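# The sequence and its predicted three-dimensional model are supplied below.
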Amino acid sequence: MAAIMAARGQGQVQDFDFFVVVDFEATCVKDARIFPQEIIEFPAVLVDGATGRIESAFRRYVRPKHHPVLTEFCRELTGIRQEDVDGGVDLGEALWMHDNWLKAATAGAGSLAVVTWGDWDCRTMLESECRFKGIEKPSYFDRWINLRVPFQAALGGGGRVTLQEAVRAAGLDWEGRLHCGLDDARNTARLLVELMLRGVKMTITGSLAPSPPIQQKQQPPQLLTSPCGGSSALATPLIQQKQQQQQQPQPHMISPCGGTSATCFCYCRVPTRGGVVSMPGPMQGKCFFGCGNWTPAMGPVCPYFVWTN
């Protein structure tokens, strides 16, 4: 592979000795959200940054704790059987096993970067589940390369390009089963290698924002009367407008805490944020509560989300 890269004139030296490509699969239901969502397949593929060679692969099935029985939709989508997760390990053990595999495969030396297709795997899924369950994860998962970014820079295409479309756009054939975590990781690794062959230098594209200070988490949120009812730490312009127009108390509506007026916390263990859908469509005007760590730049940290009406 190194000879091929040299022959194609790709003298680009990567900043990382190794790339570890991950693509998690998680519990899911059709046309709805499941809470808490949990990882059920933990795959990884190791790529040598100098040669572009795929060195090793890792996979462990993970046993979900809160929704131990997979839905029919989840089994059909991922190809994961109920017996696979029944015989799986806890997420903490999967992380430990992955770390040991990685150290052995790299001989414990060299720099590495995690590679994903999209930001969901590291920013949303792994981070939120580890926070929710109090699991410590290796720090290399705190920053990553979203391969969609260098792909679009090299080959173009909009933000909605799927991994399968990107693989084919790069002139590669898709190998394996779509939504099988290990097959998706292998195809992502092949796309990574192809971009490296084309002279693309890989750089970190995403990282986790620092967690809010503990004292900030302990402070109660400012109580706002909103059309969503209950307590909210965020008032959108639409909510503020309605507050000005209607000063009388709003009718009681279902809150993310089961209908009570108590402050509710997302998987980040901070007060949830409320809002209202402003985009035209069938959901316009509907109220919701989501991740309390949401920011315009980073989006939500965890996948907590409930409709209030």
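Yep, it's here.
# neighbouring strands for the longest strand along the chain, and are they parallel or not?
Using DSSP state E to define each element, the chain has its longest strand at strand 39-48. If you go by DSSP bridges, strand 39-48 pairs up with strand 18-22 (antiparallel), strand 25-26 (antiparallel), strand 54-61 (antiparallel).
# And that strand, how far out from the chain middle?
14 Å (Cα atoms, centre = their mean, to the nearest Å).
# Buried residues of that strand, list them for me.
39-48 (16 or more other Cβ atoms under 10 Å). From N, CA and C alone the C-beta is placed, and that goes for glycine too.
# In this structure, where is pLDDT below threshold?
1-11, 158-159, 210-263, 297-298, 309 (pLDDT under 70).
# if I look at L155, how far off is G285?
Noted for L155: a distance of 39 Å to G285, by Cβ to Cβ, to the nearest Å.
# Neighbour count for these two, which is higher?
Applying other Cβ atoms under 10 Å to L155 and G285 shows that L155 carries more neighbours, namely 17 against 12.
# can you count the residues close to the nearest residue to that one once chain neighbours are set aside?
For L155, ignoring the flanking residues on the chain, the nearest one in space by Cβ to Cβ, 6 or more residues apart in numbering is A169 at 5.7 Å. The tally of other residues near A169 (other Cβ under 10 Å) stands at 14.
# And for the one 3 residues further on?
The burial metric for L172, expressed as a neighbour count using other Cβ under 10 Å, is 14.
# What sits closest to R168 if chain neighbours are left out?
Leaving out its chain neighbours, the residue that sits closest to R168 by Cβ to Cβ, 6+ apart is W174, at 6.6 Å.
# L77 now?
Closest to L77 by Cβ to Cβ, 6+ apart is H179, at 5.3 Å.
# just P68 next, same as before
V85 (7.4 Å).
# Next: V29.
T71 (5.1 Å).
# Contact partners for the one you found?
The contact partners of T71, taken as Cβ atoms under 8 Å, 6 or more residues apart in numbering, are 27-30, 34.
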